[in-house]
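Peer 1: Provide a 3D model corresponding to the input given below.
(one chain, ligands or ions: 1)
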Amino acid sequence: MEIKNVAVLGSGTMGHGIAQASAMAGYNVKLYDIAQAMLDKATGTIKGNIEKHFVAKGKIKPEEGAAIVGRIAATTNLKSAVEDADLVIEAIPENMEMKKIVFAEIDGFCPAHTILASNTSVLPVTAIAGATNRKEKCIGLHFFNPAVVMKLVEVIKPIGVADETVDAALAFCKKLGKTPVTVKDVPGFIVNRLLGLLYHEAAQIVLEGTATAEEVDLAMKLGAGHPMGPCELADFGGFDIITNAGDAVYNYTHNARDAVNILYRKMVEAGRLGRKNGKGFYDYNSDGTKTVAKLFD
Ligand code: 3HC
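Peer 2: Predicted coordinates for the structure are as follows:
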């Protein structure tokens, strides 16, 4: 089946990034959220990113940038967002009950051929698909932040998914210029299963005073070739997200290996959420610089 129209549900960091990546690949996109203010913020961010990273650098012409923005229609009406979609990508918060409600609802609004994908980073896609009457058309499409830049999409295969759904999802990812990797529906899939361990150990090193966050980051950038060190990456992702995601994996596996490091819980309790509020392993200053934060000292 050919995908032409894409609906993205949720206009947060991942949702608006996926919407932008889809529009840049030529798809008509409807971007849904519950409040107009969220959509206004998201479309403002998309316009700013296209200008900063593509038009200003001469990678695309201004009119191409305008055409990409023009392919994204924002709406607070769920039915109109999905009723003509060939592919829906859900990127709402990581709450299983919320996701099941949304999937059951859109199952009733979408045409029979529509593929329903979740961008969940940790929750079982099989359980989300179970809220619909089209399990064979449900799949996981897990993008990475920033979605426009990162080349990987994990294509999660829940139990019961049809081969043609997987094939259509793989073709969609490739049209976005991404490299898809298929994964079974296991907690954390590949990347977050591994990143969870990295986040844990990075926090443990800081907590026990073996090295500072800056030294941990420097070590992993220079010694292991990571583009961001684990503390910078944790700040980038957000401690609330890391804690929720880690708990979701742990609740499924009950493996001590997957337990969230206490430092992340303490930082969330202290209102330090990472880059999003300027307070994480680092304090982010208004002039764009950052300094290592005093945490448990
Ligand atoms: N949109 C488009 N392009 C962007 C962009 C954006 N939002 N952000 C950065 N870029 C482009 C820049 O324009 C630049 O392009 P150029 O090389 O052609 O000039 C290039 O990316 C590099 O950007 P910068 O020079 O500004 O900064 P960096 O070199 O530090 O790169 C980064 C930024 C791409 C974010 C890089 O630091 C990186 O790859 N970090 C790791 C990110 C990562 O690991 N993400 C995964 C997190 S886990 C996750 O997502 C799981 C999920 O479940 C949430």
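
Peer 1: for the residue in the stretch 151-297 of the chain that the ligand sits nearest to, which three-state class applies?
Peer 2: Residue of the stretch 151-297 of the chain nearest the ligand, by C-beta to the nearest ligand atom: Pro227 (3.8 Å). For glycine as for every other residue, the C-beta is placed from the backbone atoms N, C-alpha and C. Secondary structure, DSSP: H, G, I helix; E, B strand; the rest coil: Pro227 is coil.

Peer 1: wait, doesn't it sit right on Lys221?
Peer 2: Yes - counting by C-beta atoms under 8 Å, Pro227 does reach Lys221; the two are 7.3 Å apart.

Peer 1: tell me which of these two has more neighbours.
Peer 2: Lys221 (15 against 8; other C-beta atoms under 10 Å).

Peer 1: in which helix or strand would I find that one?
Peer 2: Taking DSSP states H and E as the definition, one finds Lys221 inside helix 213-224.

Peer 1: then that helix to CSV, C-alphas only?
Peer 2: Provided in CSV are the C-alpha atoms of helix 213-224 (Å, rounded to 0.1, in the frame of the first residue of the first chain):
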residue,chain,number,x,y,z
ALA,A,213,29.7,14.8,35.0
GLU,A,214,32.1,16.8,32.8
GLU,A,215,34.8,14.2,33.2
VAL,A,216,32.4,11.3,32.4
ASP,A,217,31.2,13.2,29.3
LEU,A,218,34.7,14.0,28.1
ALA,A,219,35.8,10.4,28.7
MET,A,220,32.9,8.9,26.6
LYS,A,221,33.2,11.5,23.8
LEU,A,222,37.0,11.2,23.5
GLY,A,223,37.3,7.6,24.5
ALA,A,224,34.3,6.0,22.9
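
Peer 1: is the ligand contacted by it?
Peer 2: No - against the ligand, helix 213-224 shows no contacts by C-beta under 6 Å from any ligand atom, the least distance being 9.7 Å.

Peer 1: next structured bit after that helix?
Peer 2: Following helix 213-224 toward the C-terminus (DSSP H and E): helix 230-237.

Peer 1: report the angle between that following helix and helix 213-224.
Peer 2: 110 degrees (axes from the mean of the first three to the mean of the last three C-alpha atoms, to 10 degrees).

Peer 1: next secondary structure element downstream of helix 230-237?
Peer 2: helix 239-253.

Peer 1: flag every buried residue along that following helix.
Peer 2: For helix 239-253, a neighbour-count test (16 or more other C-beta atoms under 10 Å) marks 239-250 as buried.

Peer 1: same question, stretch 189-199
Peer 2: 189, 191-193, 195-196, 198-199.

Peer 1: one more: stretch 137-150?
Peer 2: 137-145, 147-148.

Peer 1: pull the CA atoms of it into PDB?
Peer 2: The C-alpha trace of stretch 137-150 is given here as PDB (Å, rounded to 0.1, in the frame of the first residue of the first chain):
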ATOM      1  CA  LYS A 137      -2.000  -3.100  11.200                       C
ATOM      2  CA  CYS A 138      -0.400  -1.900  14.400                       C
ATOM      3  CA  ILE A 139       3.400  -1.400  14.700                       C
ATOM      4  CA  GLY A 140       6.000   0.600  16.600                       C
ATOM      5  CA  LEU A 141       8.000   3.300  14.900                       C
ATOM      6  CA  HIS A 142      10.600   4.500  17.400                       C
ATOM      7  CA  PHE A 143      12.300   7.700  16.300                       C
ATOM      8  CA  PHE A 144      15.300   9.300  18.100                       C
ATOM      9  CA  ASN A 145      15.800  12.900  19.200                       C
ATOM     10  CA  PRO A 146      16.300  15.100  17.200                       C
ATOM     11  CA  ALA A 147      14.000  13.100  14.900                       C
ATOM     12  CA  VAL A 148      15.000  15.200  11.800                       C
ATOM     13  CA  VAL A 149      18.700  14.400  12.300                       C
ATOM     14  CA  MET A 150      18.900  10.900  13.800                       C
END
